[in-house]
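**Student:** Test case, fold it:
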Amino acid sequence: MSDSLLREREDPKSELCPREFLDDLAVRAERTLDIFHKWGYAPTADALAKGLLGGGVTCDALLASISERDEFQVRDGHVYLKGKDELVEKSKLRVASNRHLNGEAMSIAEEFSLELLRFCPLVDCVAVSGSVASGGYSSGDDIDFDLVVRDGAKYLVYAMGLAVGARVAVRHRARYGLRKLICLNAIWTRSQTAPFVRRDEGLAFELLHCRPLFGSAHFQEMVERNKWVLSFFPQVAKASTDIGSIPEPNRMGRLILRIHRHPRLLSLVETAARLASHAIYSLFHWVRRSDPEATARFEFLRQVKYPYEFFQD
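**Tutor:** Just a heads-up that it's a prediction; the model follows:
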């Protein structure tokens, strides 16, 4: 490996000699691909290099580390482990569709975020996640979000998010059809993040693919409280900037703020919101019970999100 390539690399293990560096990269690439494959993706070489466990590196350094190793395959710019060939075509289609659709998806994500904050100002951070954030958005995908909210208001926020998401979906029905367009992927309360009870590469990978739209300072504070995340993905520490200022709450938002100032009333409203949102959640999964792919995906998400998946608390 050339001296220039060594100088260009972003890897924190700069004390390693070139051979050790390449061996270390290959091990990290294999572990990172395992995570990508669990989610059904074969990333591009550039995406893998930037999202590598242990810190990002240049694409050239990554390719040099895997070029002579049989367990890695490269096709049409996508990297995958041997035996995962079926993921390539799907990933290629996602990358191609993302170029055309991501801008519109981000516009809808911003629309939803602003409206949610107006209706429910108990949200500290709104981060787009999933395929929109990672660069693999396809027309059939939901637009996923991870939220950080105040303690005692998780299901109130969830219920409000479902309502606002439905409003946004109806507004865009001519383009996307009348379907679920917005997905609240995870809602963490302040106490759940201070710190997380889980400390593994799966949760770190989720945080790596969060793109805060509002409340990026809260997101960085959360990372500060969970420095273990940086041992997996130091890239998470990169500064992010909100896309705008948090909007003023509307009439409903002001009412929710008044409720929040009265713990007993908040507890009653939270209990009612949990019951209502659980009914909607259960109905949605009951409707899709005959779809084996949807059922398998639901069970996978329950496992990888544990104990933060809804209604696991």
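**Student:** Does Gln192 touch Tyr308 like I think?
**Tutor:** Yes. Using Cβ atoms under 8 Å, Gln192 makes contact with Tyr308 at a distance of 6.8 Å. Bear in mind the C-beta positions are built from the backbone N, C-alpha and C, glycine included.
**Student:** domains of this protein?
**Tutor:** 3-84, 101-305 (automatic domain parsing).
**Student:** Which of those sits closest to Lys90?
**Tutor:** domain 3-84 (7.1 Å; Cβ to Cβ).
**Student:** for the record, mean pLDDT for the closest one?
**Tutor:** Averaged across domain 3-84, the pLDDT comes to 86.
**Student:** how far does that domain sit from the chain's center?
**Tutor:** Chain-centre distance of domain 3-84: 21 Å, with Cα atoms, centre = their mean, to the nearest Å.
**Student:** With stretch 269-289 instead?
**Tutor:** 22 Å.
**Student:** Pull the residues that contact that stretch.
**Tutor:** 152-156, 158-160, 162, 180, 259, 294-295, 298, 310-311 (Cβ atoms under 8 Å, 6 or more residues apart in numbering).
**Student:** and what of stretch 215-232?
**Tutor:** In contact with stretch 215-232 (Cβ under 8 Å, 6+ apart) are residues 53-54, 123-127, 148, 188, 193-196, 199, 201, 203-205, 207, 210, 212, 236-237, 239-242, 246.
**Student:** Show the buried residues in those.
**Tutor:** 53-54, 123-127, 148, 188, 193, 196, 201, 203-205, 207, 210, 212, 236, 242, 246 (16 or more other Cβ atoms under 10 Å).
**Student:** helix or strand right after the host helix or strand of Val95?
**Tutor:** In this structure, Val95 sits in helix 86-119 according to DSSP states H and E. Reading on from helix 86-119 to the C-terminus, the next helix or strand found by DSSP H and E is strand 123-129.
**Student:** in its sheet, what does that next one sit against?
**Tutor:** If you go by DSSP bridges, strand 123-129 pairs up with strand 143-149 (antiparallel), strand 211-214 (antiparallel).
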